[in-house]
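Participant: Just to be clear, the model below is a prediction. Sequence and coordinates:
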There are 2 protein chains.
Amino acid sequence: MAPELQEENYTTGPAEPPRKTRVTVVGSGNWGSVAAKLIASNTLRLSSFHDEVRMWVFEETLPSGEKLTDAINRNNENVKYLPGIKLGKNVVADPDLENAVNGANMLVFVTPHQFMEGICRRLVGKVKADVEAISLIKGMEVKMEGPCMISTLISDQLGINCCVLMGANIANEIAVEKFSEATVGYREKKEIAQKWVQLFSTSYFIVTPVQDVEGVELCGTLKNVVAIAAGFVDGLEMGNNTKAAIMRIGLREMKAFSKMLFSSVKDTTFFESCGVADLITTCLGGRNRKVAEAFARSEGKRSFDELEAEMLQGQKLQGVSTAKEVYEVLSHRGWLDFFPLFATVHEICIGTLPPTAIVEHSERTPKM
Amino acid sequence: MAPELQEENYTTGPAEPPRKTRVTVVGSGNWGSVAAKLIASNTLRLSSFHDEVRMWVFEETLPSGEKLTDAINRNNENVKYLPGIKLGKNVVADPDLENAVNGANMLVFVTPHQFMEGICRRLVGKVKADVEAISLIKGMEVKMEGPCMISTLISDQLGINCCVLMGANIANEIAVEKFSEATVGYREKKEIAQKWVQLFSTSYFIVTPVQDVEGVELCGTLKNVVAIAAGFVDGLEMGNNTKAAIMRIGLREMKAFSKMLFSSVKDTTFFESCGVADLITTCLGGRNRKVAEAFARSEGKRSFDELEAEMLQGQKLQGVSTAKEVYEVLSHRGWLDFFPLFATVHEICIGTLPPTAIVEHSERTPKM
């Protein structure tokens, strides 16, 4: 991007009222690009926002030799992670993280979760004190003492408020403007949640605010464990009845686990898009389900590591590592008996139980 | 059945303690036969129940010339409605309704819902005053003034208590002992609910009691309307994201409609098997979904009547008639705006809106 453009957009001259809100998207993968597209359509439309949406891009060189940021800014298209979709002319890719967030009033975090600690460290002191943040990152870590929420990491490291946006959001379907929903979880300031809703909502993307950050964020992580269980049922060809029962027991364990960790978590959150809808999408499609199905079909002949390497080109399944982390929490707190589905998924993944155990054990769900 | 056998089983001689509970299943279709199988395995096992389970059969003559009841009693198998599955030697088919219920302490109603009024009329004065009933009948009628609950019909007509059992219960899957769950809805007497749980539960069929007859029963009916919506999404090839969103909005309307009709209905009921799990099963498989998909694919060239005739051999879809009945309630009470999905399903079924309206209208769901 040319320095003139940067200056033109990032200084507030007399022509521009100083109170327009500036938005930066930190991340530019598949979902990040779709988020930038949604936001950019709204900043153009809403006078309270500055038109330009800056998008931080982890710079790569394309096979053509062109830089990814240059390609995005030339075509208004993320040719690598969201080919064929116009992001909007007002999306500006920037490879410089500090520059990208400079002057922003609202920050959208949408990177792989393992990058967030490093990114936060780089941003300390570089963002406005009153900046508002939102995390779209599904799959925080669940450490033995409890989950390490990405929204908490951002809040604590940067000393800022952080909401979350989760839901049944297959990026490629939203990119082609198929109808979908999402849930914004917020902590206290409803007016901030409303501003996020305004920034993301379109006629085909309906966003609902819920005062329950932890509940919304935990849904996005724990559903991957249930998707592994659903995949086992598919691999064992047990039918829709059993699959629906396992999904229901999974939803119940998601709810119970979240509420036992955070007493503030609300039952109603699990009826939102981040809850039941995302669970359904993930258990119907999704790679966690798919690899787990292949695992069950292999009848113990192939490990998850092997299948992941073959089916996911070296990526690791979030469901498998989350199941392990959840197991450690359950074991550490003496809760294993209350969560037979979660516990059994992990034991099947590591090979100490056969896939058929998913129903034999889940049916032991205690009444809570 | 030989008269000797009848006498042997239906008089209480000195060899038999008089307080053993006798169970009769009224109905012998696909689900009725599976229910008889589940119950018969438990009456054998539990000393508080009389071994024999009587099953009332609407008599038919098989192509072989044999009576259906004779065939069932000879083979312990309902050769017409559940071929290949042994019901248990202690299931006795009886073509005489009054005889079948005579002396029974627990009655299980599992007939097509349109037969229930006639059956109740025939049973007045023929059942024990303290008999306990349960209805497994999904698809009660929703009249303009509100739903005509089958459990209420049974209670009112016979002056007896009536529970309900609903859930993600594809009969043929339970018949081959695949894992599944169900929900018993009861009104007041928890000890009676527990007795039904005991009578139905097996290692592969998990039954949970919930104090919410109306909520449980309404789930079983309203899910068929949502399945029609899900079928439209499938026919339009809108993807899993949109389908999950529509199912979620459907679940939300099921909950809101039930609660607006009966203030006693509980949110938590919709997390039970009768709620989210049955909804998932019905929206994944099921004939309501299937015919609705064909309807959407036909792009207005074929009516529901035509497709039903072709695909269901003359049977009518419950979802279509329930959608009409629900529409009448909504219209009568001025609630149409609060239930865009329910209302739109009906308008698509009758051809006043195109199938694409299912997402355009459902997204207007008001915040309730």
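Facilitator: Looks like it came in fine.
Participant: So the residue nearest to residue A:134 when sequence neighbours are not counted, which state does it fall into?
Facilitator: Leaving aside its sequence neighbours, residue A:134 sits nearest to residue A:163 (CB to CB, 6 or more residues apart in numbering or on different chains; 4.5 Å). Using the backbone N, CA and C atoms, a C-beta is placed for each residue, glycine as well. Following DSSP: H, G, I helix; E, B strand; the rest coil, we place residue A:163 in the strand state.
Participant: ok, now residue A:50?
Facilitator: strand.
Participant: quick one: it and residue A:79, what's the gap?
Facilitator: Remark: distance between residue A:50 and residue A:79 (CB to CB, to the nearest Å) = 26 Å.
Participant: And residue A:205, by the same measure?
Facilitator: For residue A:205, the distance to residue A:79 - CB to CB - is 23 Å.
Participant: Which one's more surrounded, those two?
Facilitator: Comparing residue A:205 with residue A:79 by neighbour count (other CB atoms under 10 Å in any protein chain shown), the higher total belongs to residue A:205, at 22 against 16.
Participant: Report pLDDT for the more buried one.
Facilitator: You'll see residue A:205 listed with a pLDDT of 96.
Participant: which residues does it contact?
Facilitator: Counting by CB atoms under 8 Å, 6 or more residues apart in numbering or on different chains, residue A:205 touches A:38, A:174, A:179, A:180, A:181, A:182.
Participant: Among the residues you listed, which ones lie close to chain B?
Facilitator: A:174, A:179, A:180, A:181 (CB under 8 Å from any CB of the partner chain).
Participant: What about those residues, which are in helices?
Facilitator: residue A:174 (DSSP state H).
Participant: where's residue A:259, which helix or strand?
Facilitator: Remark: residue A:259 resides in helix A:239-261, with elements defined by DSSP states H and E.
Participant: and that helix, what does it pack onto?
Facilitator: helix A:213-235, helix A:278-284, helix A:340-349, helix A:357-362, helix B:171-175, strand B:180-185, helix B:278-284 (3 or more CB pairs under 8 Å, 6 or more residues apart in numbering or on different chains; DSSP states H and E).
Participant: Reformat the ones you listed as a markdown table; add mean neighbour count.
Facilitator: Output for the helices and strands packed on helix A:239-261, formatted as a markdown table (neighbours: other CB atoms under 10 Å in any protein chain shown):
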| stretch | mean neighbour count |
| --- | --- |
| helix A:213-235 | 28 |
| helix A:278-284 | 28 |
| helix A:340-349 | 25 |
| helix A:357-362 | 22 |
| helix B:171-175 | 21 |
| strand B:180-185 | 28 |
| helix B:278-284 | 28 |
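Participant: Quick one: closest of the ones you listed to residue A:324.
Facilitator: The closest approach between residue A:324 and any of the helices and strands packed on helix A:239-261, judged by CB to CB, belongs to helix A:340-349 at 5.6 Å.
Participant: what about residue A:176, how many residues close to it?
Facilitator: By other CB under 10 Å, neighbour count at residue A:176 equals 11.
Participant: Can you report how many residues lie near the nearest residue to residue A:148 once chain neighbours are set aside?
Facilitator: Nearest in space to residue A:148, with sequence neighbours left out and distances taken as CB to CB, 6+ apart, is residue A:141 at 4.6 Å. Residues within reach of residue A:141, counting by other CB under 10 Å, total 17.
Participant: Could I get the pLDDT score of residue A:141?
Facilitator: Taking residue A:141 on its own, its pLDDT is 80.
Participant: Now do the same contact list for it.
Facilitator: A:113, A:147, A:148, A:325.
Participant: and the stretch 201-350 of chain A, which residues reach chain B?
Facilitator: So far as CB under 8 Å from any CB goes, the stretch 201-350 of chain A lies against chain B at A:203-204, A:206, A:208, A:238-249, A:251-252, A:255, A:267-268, A:270-273, A:276-278, A:280-281, A:284-285.
Participant: Now restrict those residues to buried residues only.
Facilitator: A:204, A:206, A:208, A:238-249, A:251-252, A:255, A:270-273, A:276-278, A:280-281, A:284-285 (16 or more other CB atoms under 10 Å in any protein chain shown).
Participant: So residue A:206 sits against residue A:183, correct?
Facilitator: No: contact criterion CB atoms under 8 Å: residue A:206 and residue A:183 do not qualify, at 9.9 Å.
Participant: how near is residue A:162 to residue B:244?
Facilitator: 26 Å.
Participant: correction: residue A:350
Facilitator: Distance from residue A:350 to residue B:244, by CB to CB: 30 Å.
Participant: For the helix or strand that contains residue A:117, what does the pLDDT average out to?
Facilitator: If you go by DSSP H and E, residue A:117 is part of helix A:116-123. Mean pLDDT, computed over helix A:116-123, is 96.
Participant: Show me which positions of whichever helix or strand comes after that helix end up buried.
Facilitator: Downstream of helix A:116-123, the first helix or strand assigned by DSSP H and E is strand A:132-135. Neighbour counts over strand A:132-135 (16+ other CB under 10 Å) mark A:132, A:133, A:134, A:135 as buried.
Participant: pretty sure the second one is touching residue A:163, no?
Facilitator: This points to residue A:133. Yes: if you go by CB under 8 Å, residue A:133 and residue A:163 touch, sitting 7.3 Å apart.
Participant: list the residues that contact both of those two?
Facilitator: With CB under 8 Å, 6+ apart, residue A:133 and residue A:163 have common neighbours residue A:151.
Participant: bridging residues for residue A:207?
Facilitator: residue A:182 (DSSP bridges).
Participant: Spatially, and excluding backbone neighbours, which residue is closest to residue A:172.
Facilitator: residue A:30 (7.1 Å).
Participant: residue contacts, that neighbour?
Facilitator: Residue A:30 touches A:81, A:82, A:171, A:172, counting by CB under 8 Å, 6+ apart.
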